[in-house]
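Student: Sharing a model prediction with you, sequence too.
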Amino acid sequence: MKINDLIENFEIFVSNEEQGVLDTITSVKSIETFNEREKLVIENLIRKSLVSKVKHNNSYLVIKNEA
């Protein structure tokens, strides 16, 4: 049996709050545009590999990873 057969329907659990923040990230956004609570949720999404944080000049940008 191949690993792809085992994880065919692999889904990552996201809470309603995480899904709401994830839906607002439609393109590359500066992390400064989010409030403190949203930044905390974004850090959780980064740990789950659903969002990437990229340093650009002196600020950080967030972008949604492809599913």
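Tutor: Everything's here; your move.
Student: drop to CA atoms for contacts and neighbour counts, all remaining ones
Tutor: OK.
Student: ranges for the strands of the protein?
Tutor: Here the chain has its strands, by DSSP state E, at 29-30, 51-56, 59-64.
Student: packing partners for the shortest one?
Tutor: Other helices and strands packing on strand 29-30, by 3 or more CA pairs under 8 Å, 6 or more residues apart in numbering; DSSP states H and E, are strand 59-64.
Student: And the longest helix anywhere in the chain, what's buried?
Tutor: Determined from DSSP state H, the single longest helix within the chain is helix 36-47. Within helix 36-47, the residues that count as buried by 16 or more other CA atoms under 10 Å are E38, V41, I42, L45, I46.
Student: Nearest to the spatial middle of the protein, which residue is it?
Tutor: Nearest to the geometric centre of the chain sits V51, at 2.5 Å (CA atoms, centre = their mean).
Student: so who does it touch?
Tutor: I42, L45, V62, I63, K64, N65 (CA atoms under 8 Å, 6 or more residues apart in numbering).
Student: where does this structure have low pLDDT?
Tutor: Low-confidence segments of the chain (pLDDT under 70): 1, 67.
Student: Now the phi/psi pair for N57, please.
Tutor: Dihedral angles of N57 (phi, psi; degrees, to the nearest 10) stand at phi 60, psi -120.
Student: Neighbours of the residue nearest to the residue nearest to the centre of the chain when sequence neighbours are not counted, how many?
Tutor: Setting aside the residues directly before and after it, V51 is nearest to K64 in space (CA to CA, 6 or more residues apart in numbering), at 4.5 Å. For K64, the neighbour count with other CA atoms under 10 Å is 20.
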